[in-house]
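Q: Return a 3D structure for these sequence lines:
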Amino acid sequence: MKAHKETWSIAFPMMLSNLTVPLLGIVDTAVMGHLPDAQYLGGVALGAMIFTFIFWGFGFLRMSTTGITAQALGTGDHEELRAILGRSVLLALILTIPLLLLQWPILWLALFLLEGSMPVEALAAEYFEIRIWAVPAVLLRYVLFGWFLGMQNTRAILYITLLINSLNIVLDLILVIGLKMTVAGVAWATVIAEYIGLLFSMGLLLSVLRAHPGRWVWDRIMAVAALSRMLLINQQIFVRTLLLMFAFAFFTAQSAKFGDVILAANSVLKNFLMLISFGLDSFAHAAETLVGKAVGNRDRARFLRYIKVTGIWSVVGALLYTVVFLLFGSLIVSGLTDIPDVRESANQYLPWLWLAPLVGVWSYWLDGIFIGATQGRAMRDTMLFATLVYLLVWYIAQPLGNHGLWFALLFFLGIRGVAMGVAFVLLDRRQKFIPA
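A: The predicted model follows:
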């Protein structure tokens, strides 16, 4: 019973935190959508897409910090908790340097690949050149989120997310609607909100550190073995994330070959995958910190118990999503688009999304376990295997058209879960998690 309570005490705040993310996107869209020209909306959408790829790619900062911190929490080593935070902050600050120095080549390459109209690209560039200065705050927030999650303090993450997104919404209204700043207003709203959120995060951090007294030891922060381990885990998770980004970018690129209607319909249906992540990611986050803590204190019984409990709730969540999509899928599609052809096409392929939660739940859950156990190599290798299988399956399934494309994507999600399951069994037999 205690394990169930611990799981929900972590998962529930993360669910609430996740739900604020689409709300911000809706407000950004609504604010831009009420301006006199659709080019403003396109410019913000294009610019935001660039940052989505950048920040998604650097998500390893959050994931690696969570696993290592949770393990240190399990050992009760408060000095190591500070050392992990110091190493991760140092890495985040170092990574901001090339992003800021190379901002213009990054922008040029992104616009070259995305191919918007000249007016839209100009507005996207204006948005990018302002929002890029939020990068230090965002990467540091990733580190703090990872550290707070590893410390099992998901309420801090919820409070920070609520503050940043609420501020962003208010500033959107003030700068865009009130001061008529259009695209620049949306970008500055994000930058200001991120830095205020960072200051608030630092206040919460000091409170947590006081509850876990210890010293900052520079030699431990710069310990070669610990730095090498952190960099290796980050590199492995980074490659895994790039492969995941490629898989979904490939799906979009193949969708475009079927014409504008199919592309739009598939884009609508991809929102269902985003909805799935709101809930299932929350249980994966619970697995990250609970499993990591068990690994840290070498408690195999608790390790297995947390795996079982987070797995049960992940499957329950997947079943609920399937029921909701079966009953209300068409209604959700109607809420996302009012274009008849797109709506009809999306409903035609909707049955694939009925299956998606049950097929994808295993990879979500096992991701959490592997992050908590800092098994980055297994995450990378299984993702590489699943991506190669995905491309092969799509090559075979091409005659089925868009149905074949959705089959390939679900096969990718499923085979990744299977591969990670096999990897888990092999690693456990070799006692790579906790000795039996």
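Q: For the rest of this, base every contact and every neighbour count on C-alpha atoms.
A: OK.
Q: residues contacting Leu350?
A: Contacts of Leu350 were listed using C-alpha atoms under 8 Å, 6 or more residues apart in numbering, and they are Leu269, Gly329, Ser330.
Q: ok, it to Asp341 distance?
A: From Leu350 over to Asp341 the distance is 14 Å, taken as C-alpha to C-alpha, to the nearest Å.
Q: can you check Ala125 too?
A: 32 Å.
Q: Least confident secondary structure element in the protein?
A: Every helix and strand in the chain was compared by mean pLDDT, DSSP states H and E; the lowest is helix 2-33, with a mean of 75.
Q: for the helix or strand following that helix, packing partners?
A: Once the chain leaves helix 2-33, the next helix or strand it forms, by DSSP states H and E, is helix 38-57. The contact analysis (3 or more C-alpha pairs under 8 Å, 6 or more residues apart in numbering; DSSP states H and E) places helix 38-57 against helix 2-33, helix 118-131, helix 182-211, helix 224-256.
Q: what's the shortest one packed up against?
A: What it means is helix 118-131. Under the contact rule (3+ C-alpha pairs under 8 Å, 6+ apart), helix 118-131 is packed against helix 38-57, helix 103-114, helix 182-211.
Q: Let me see the ranges of the helices in the stretch 251-400 of the chain.
A: Per DSSP state H, counting those that start in this stretch, the stretch 251-400 of the chain has helices spanning 260-296, 300-336, 340-349, 351-372, 376-397. These are given in chain order.
Q: Using a markdown table, please lay out the helices and strands packed on helix 38-57 together with distance to Gly292 and mean neighbour count.
A: Putting those into a markdown table (distance: least, C-alpha to C-alpha, whole Å; neighbours: other C-alpha atoms under 10 Å) gives the following:
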| stretch | distance to Gly292 | mean neighbour count |
| --- | --- | --- |
| helix 2-33 | 13 | 17 |
| helix 118-131 | 34 | 20 |
| helix 182-211 | 19 | 19 |
| helix 224-256 | 14 | 17 |
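Q: Any idea which of these gets closest to Gly59?
A: Nearest to Gly59, of all the helices and strands packed on helix 38-57, is helix 224-256, at 7.7 Å by C-alpha to C-alpha.
Q: If I take that closest one and helix 351-372, what angle do their directions form?
A: Interaxial angle, helix 224-256 versus helix 351-372 (axes from the mean of the first three to the mean of the last three C-alpha atoms, to 10 degrees): 170 degrees.
Q: got the angle between helix 224-256 and helix 376-397?
A: Helix 224-256 runs at 10 degrees relative to helix 376-397, counting by the same axes, to 10 degrees.
Q: Ramachandran angles for Leu102?
A: With angles defined as degrees, to the nearest 10, Leu102 sits at phi -100, psi 20.
Q: again, but for His212
A: phi -130, psi 70.
Q: residues near the spatially closest residue to it that is not a sequence neighbour, how many?
A: Among residues not flanking His212 along the chain, His78 sits closest, at 6.3 Å (C-alpha to C-alpha, 6 or more residues apart in numbering). Counted with other C-alpha atoms under 10 Å, the neighbours of His78 add up to 17.
Q: Help me confirm that Asn234 comes into contact with Phe58.
A: No: using C-alpha atoms under 8 Å, Asn234 is not in contact with Phe58, being 9.2 Å away.
Q: ok, now which ones touch the closest residue to Tyr390 other than its chain neighbours?
A: Among residues not flanking Tyr390 along the chain, Phe412 sits closest, at 5.0 Å (C-alpha to C-alpha, 6+ apart). Counting by C-alpha under 8 Å, 6+ apart, Phe412 touches Ala386, Thr387, Val389, Tyr390.
Q: Give me the pLDDT for Phe412.
A: On the pLDDT scale, Phe412 is placed at 97.
Q: where does Ile68 sit relative to Ala226, distance-wise?
A: In this view, Ile68 and Ala226 are 10 Å apart by C-alpha to C-alpha.
Q: what's stretch 48-66 in contact with?
A: Counting by C-alpha under 8 Å, 6+ apart, 84-85, 88, 92, 110, 128, 139, 142-151, 230, 233-234, 237-238, 241-242, 245, 288-289, 371-372, 374 sit against stretch 48-66.
Q: quick one: that stretch to chain centroid distance?
A: How far stretch 48-66 lies from its chain's middle: 7 Å, per C-alpha atoms, centre = their mean, to the nearest Å.
Q: and what of stretch 264-278?
A: For stretch 264-278, the distance to the chain centre is 14 Å (C-alpha atoms, centre = their mean).
Q: residues of that stretch that come out buried?
A: Buried residues in stretch 264-278, counted by 16 or more other C-alpha atoms under 10 Å: Ala264, Ala265, Asn266, Ser267, Val268, Leu269, Phe272, Ile276, Ser277, Phe278.
Q: Can you report how many residues neighbour the closest residue to the second one other than its chain neighbours?
A: It stands for Ala265. In space, and not counting its chain neighbours, Ala265 is closest to Ala346: 4.7 Å by C-alpha to C-alpha, 6+ apart. The number of residues packed near Ala346 is 25, by other C-alpha under 10 Å.
Q: got it, and the one 3 residues further on?
A: Around Tyr349 there are 17 other residues, counting by other C-alpha under 10 Å.
Q: Domains in this structure, by residue range?
A: By the record's domain assignment, the chain is partitioned as 13-222, 233-436 (automatic domain parsing).
Q: Present these as CSV; the columns should include distance to Ala3.
A: Output for the domains of the chain, formatted as CSV (distance: least, C-alpha to C-alpha, whole Å):
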stretch, distance to Ala3
domain 13-222, 13
domain 233-436, 6
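Q: so which of those gets nearest His4?
A: Closest approach to His4 among these (C-alpha to C-alpha): domain 233-436, 6.3 Å.
Q: Mind telling me what element the residue nearest to Trp352 when sequence neighbours are not counted is part of?
A: Spatially, and ignoring its direct neighbours in sequence, Trp352 is nearest to Trp406 (6.8 Å; C-alpha to C-alpha, 6+ apart). Using DSSP H and E, Trp406 falls within helix 402-429.
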